[in-house]
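S.K.: Quick one: sequence plus predicted model below, questions after.
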Amino acid sequence: MIGVLSELSYWQVTSIRVVAGLVAVLLVAGTLVYAHLFKMVSFMQSRLGPMEAGPYGSLQLMAEIGKFLQKEDIVPRRADRFVFKAAPFVVLTSTFLLLVVLPGGPDAWFISNDLGIYLAMAVSSVSVIGILMAGWGSASKYSLLGGLRATGQLIAYELPLLLAVVGVVIQAETMNLQEIVLAQANGEIFGSGVIGNPFIITQFVGFLIFMIAMQAELTQTPFDMPVAESELVTGYMTEYSGLRFLLFFIGEFATAGVFSAIAAVLFLGGWYVPGLDPADNLLNVLGPLVLFGKVVLLTFLVFWVRFTFPRFREDQLQRLAWKFLVPLALANIVVTGVLKVVV
């Protein structure tokens, strides 16, 4: 694959990667909305979900997109127009930048960076700026309160999210996401290399911390204080309509998919399939499908929790982060470091 791309000009390679990134983000977001939001939740609640638009409701998402595109794009009279309009694009840009560090196969990647996971964690913070822009620029008390809540929450849970990754970095001895996948593929667990060494086994505590912090970063229930409809209407998104609300909607589900892909790479072996040579070209085709399957599995857990647990109070939310997750993540780092040196 690298050989084919090397024969193309820079703008051709860039165009291919941009189109592939757009397709990946929109395909993941669309699949999660239909499979989880429309159907999985419906079955859990003993109902059928959308059934009218297309076979088995498969075109319901297209109908929703068409509805939002036809709505008027309203800007509040006292809003900061530039900040208000730019906010959803900032949030969505963060999602696209997260995507570029993800490997999908031996040669199927956008960039291979030695600081890949560090770059991903840094880029994920950009969405906080977009959310604060939406809250401030809307000139609405509900939006401002939602934006401030989101900022405080995301800052609190970025720390355990980052600390959960450190254990994986210590064990893999690299921050390159492609090399983290290879470390799991070529590793052994209990003297056997049949399934490699998926870090979810040795870093199970880190995996749990990462998934809890990811739920909070996505502002999904029970961490949905920034968009608490019973208190803030829809929080920082209250004044948005039409295309800009649609961008927030796409960003929410696309970010859930991308964060789940990062979790799959760090803890579930990413694109690797046990039994195959990690350098096999077949994995450039199978790898993205395997990674996508793991993303669907992890996002199932995210939405299962979303529709199962009640919302935390703000004090409970902050206490969980600072008094439980952060100390537990630090303890996991210490234990991992000691075992790495001793073993």
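M.R.: Yep, it's here.
S.K.: Quick one: distance of stretch 65-79 to the chain centre.
M.R.: 26 Å (CA atoms, centre = their mean, to the nearest Å).
S.K.: Tell me which residue is most central in the protein.
M.R.: residue 259 (2.2 Å; CA atoms, centre = their mean).
S.K.: Skipping adjacent residues, who's closest to that one in space?
M.R.: Once flanking residues are discounted, residue 259 sits nearest to residue 214: 4.9 Å by CB to CB, 6 or more residues apart in numbering. (C-beta placed from N, C-alpha, C; glycine too.)
S.K.: repeat for residue 152
M.R.: Closest residue to residue 152 apart from its sequence neighbours, by CB to CB, 6+ apart: residue 318 at 7.6 Å.
S.K.: which secondary structure elements does the host helix or strand of the one you found contact?
M.R.: Assigned by DSSP states H and E, residue 318 falls within helix 314-319. Secondary-structure packing of helix 314-319 (3 or more CB pairs under 8 Å, 6 or more residues apart in numbering; DSSP states H and E): helix 141-172.
S.K.: What are the buried residues along the helix it packs on?
M.R.: For helix 141-172, burial by neighbour count (16 or more other CB atoms under 10 Å) applies to 142-154, 156-172.
S.K.: Any chance of the backbone angles for residue 105?
M.R.: Dihedral angles of residue 105 (phi, psi; degrees, to the nearest 10) stand at phi 180, psi 180.
S.K.: how many other residues sit next to it?
M.R.: The local packing of residue 105 (other CB atoms under 10 Å) involves 25 other residues.
S.K.: My read is that it contacts residue 288, right?
M.R.: Yes: counting by CB atoms under 8 Å, residue 105 touches residue 288, with 6.4 Å between them.
S.K.: which residues do those two both contact?
M.R.: Residues touching both residue 105 and residue 288 by CB atoms under 8 Å, 6 or more residues apart in numbering: residue 271.
S.K.: Quick one: residues in contact with stretch 30-45.
M.R.: 48-50, 57-58, 60-61, 253, 256-257, 296, 299-300, 303-304, 307.
S.K.: how far does that stretch sit from the chain's center?
M.R.: Distance, centroid of stretch 30-45 to centroid of chain: 17 Å (CA atoms, centre = their mean).
S.K.: which ones are touching residue 235?
M.R.: Residue 235 touches 135, 142-143, 145-147, 149-150, 226-228, counting by CB under 8 Å, 6+ apart.
S.K.: at 7 Å what do you get?
M.R.: 142-143, 146, 150, 226-228 (CB atoms under 7 Å, 6 or more residues apart in numbering).
S.K.: One more: residue 212?
M.R.: Counted by CB under 7 Å, 6+ apart, residue 212 has contacts residue 325.
S.K.: element containing it, please.
M.R.: Taking DSSP H and E as the criterion, the element that holds residue 212 is helix 204-217.
S.K.: average pLDDT for that helix?
M.R.: For helix 204-217, the mean pLDDT works out to 93.
S.K.: host element of the residue nearest to the centre of the chain?
M.R.: Short version, using DSSP H and E: residue 259 is in helix 242-267.
S.K.: and that helix, which residues are buried?
M.R.: For helix 242-267, by 16+ other CB under 10 Å, it's 244-267.
S.K.: Now the element after that helix, going C-ward?
M.R.: Counting by DSSP H and E, what follows helix 242-267 is helix 283-306.
S.K.: Which positions within that next one qualify as buried?
M.R.: So for helix 283-306, counting by 16+ other CB under 10 Å, buried means 283-284, 286-288, 290-292, 294-296, 298-299, 302-303, 305-306.
S.K.: Please apply the same query to stretch 22-40.
M.R.: Within stretch 22-40, the residues scored as buried using 16+ other CB under 10 Å are 24-25, 28-34, 36-40.
S.K.: Make a markdown table from the residues you listed and add distance to residue 238 to it.
M.R.: What follows is these, written out as a markdown table (distance: CB to CB, whole Å):
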| residue | distance to residue 238 |
| --- | --- |
| 24 | 30 |
| 25 | 25 |
| 28 | 27 |
| 29 | 22 |
| 30 | 25 |
| 31 | 28 |
| 32 | 24 |
| 33 | 21 |
| 34 | 26 |
| 36 | 25 |
| 37 | 21 |
| 38 | 24 |
| 39 | 28 |
| 40 | 28 |
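S.K.: Among those residues, which ones are in helices?
M.R.: Counting by DSSP state H, the part of the buried residues of stretch 22-40 found in helices is 24-25, 28-32.
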